[in-house]
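Visitor: Attaching a predicted model along with its sequence, questions to come.
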Amino acid sequence: MHSYASDSIDRRLAPWGIAICAIGAAYLYSILSRAYQFSMPWWFETPSIMLVYGLLHWIYDSWLWKLKVSGFGLSQIPKCTGTWYGAVRSSHDGNTTIEGMLVVHQTWSRIAVEFQSESSASYSRMTSLNVTPGASQGLIYEYTNDPRADAKETMHAHRGFAFLRLSADGSWLEGDYYTGRDRTNFGTMRLRLTSKKRLDLEEAKKEYARLERDAA
């Protein structure tokens with residue numbers, strides 16, 4: 001996983017909030033230790049502000065940012081973690097359509113985006129996940145793509161960009177992609193969330209088919 005950019009307000013405010021909580025926790029410990037006259041064993045370091053900050057940051061980064069309290073989310077950043085499956089339409093060979101799977105691994109500060117099809121696999125290198133309405137809103141990432149060993153000889157390793165918007169109900173990712181030198185293709189992607197967990201390609205395909213049947 002790698003870090004990713006976001007224009008969400010909590011990217012600026014959360015570190016300050018965590019710092020305030022860390023200072024408060026360390027201060028509370030000092031008050032309680034004096035009031036009840038206890039101290040940590042010699043082999044256990046007395047909780048410092050930096051230690052508490054690091055622990056609270058890890059907890060927030062891993063879990064707390066996903067939570068909602070009375071309908072209010074602790075973070076503006078969309079939760080894209082899971083397996084997405086759907087259709088990719090490409091300008092290659094005069095417009096072709098293939099099916100593929102997008103897997104997103106995400107914490108508050110780090111992310112990894114993988115795309116797999118029967119012929120190739122790609123992995124994100126740089127990513128942004130913006131929330132402000134406008135041209136830059138959504139999941140935007142640069143990727144490198146490597147064809148599988150049994151892919152067509154015309155398929156080469158390449159780099160590209162994808163620009164995906166998350167639907168209001170959080171069940172679809174849809175947008176465009178562009179590839180770089182050598183491939184110079186472009187197309188669209190429409191992917192449905194099939195599981196909050198990672199699935200393999202066949203499992204994702206079956207779950208996607210089931211969801212489509214249920215929606216019909």
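Guide: Structure's in. What do you need?

Visitor: From now on I want contacts and neighbour counts done on CA atoms only, so please keep to that.
Guide: Fine.

Visitor: Show me the contact partners of stretch 98-110.
Guide: 1-4, 60-63, 65, 77, 79-89, 111-118, 191, 198, 201, 204 (Cα atoms under 8 Å, 6 or more residues apart in numbering).

Visitor: Of these, select the buried ones using a PyMOL command.
Guide: Buried residues within these, by 16 or more other Cα atoms under 10 Å, are selected in PyMOL with:
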select buried, resi 4+60+61+65+77+79+80+81+82+83+84+85+86+87+88+89+111+112+113+114+115+116+117+191+198+201+204
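
Visitor: Restricted to strands, list the contacts of stretch 98-110.
Guide: Using DSSP state E, the members of the contacts of stretch 98-110 that fall in strands are 2-3, 82-89, 111-116, 191.

Visitor: Do you have the strands of this protein handy? List them.
Guide: Along the chain, counting by DSSP E, strands occupy 2-3, 68-69, 72-73, 82-90, 96-106, 110-116, 120-130, 138-147, 158-166, 172-179, 186-195.

Visitor: which helices and strands does the first one pack with?
Guide: When you say that, I think you mean strand 2-3. strand 110-116, strand 120-130 (3 or more Cα pairs under 8 Å, 6 or more residues apart in numbering; DSSP states H and E).

Visitor: Throw those strands into CSV and include distance to V52 and mean pLDDT, thanks.
Guide: Listed next are the helices and strands packed on strand 2-3 as CSV, based on distance: least, Cα to Cα, whole Å; pLDDT from 0 to 100:
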stretch, distance to V52, mean pLDDT
strand 110-116, 21, 95
strand 120-130, 28, 93
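
Visitor: Do you know the pLDDT at the closest residue to S171 other than its chain neighbours?
Guide: Counting by Cα to Cα, 6 or more residues apart in numbering, S171 lies nearest to L193, which is 5.2 Å off, once chain neighbours are set aside. L193 carries a pLDDT value of 96.

Visitor: wait, what's in contact with L193?
Guide: Applying Cα under 8 Å, 6+ apart, the residues contacting L193 are 82-85, 171-173.

Visitor: ok, so of these, who is nearest G134?
Guide: G134 has its nearest neighbour among these in L173, at 16.3 Å by Cα to Cα.

Visitor: now the closest one: how far from V103?
Guide: Using Cα to Cα, to the nearest Å, L173 is found at 12 Å from V103.

Visitor: Could you tell me which residues touch both of these two?
Guide: W84.

Visitor: Residues contacting the lowest-mean-pLDDT helix or strand in the chain, please?
Guide: Least confident helix or strand of the chain, by mean pLDDT, DSSP states H and E, is strand 68-69 with a mean of 80. Under the criterion Cα under 8 Å, 6+ apart, residues L74 lie in contact with strand 68-69.
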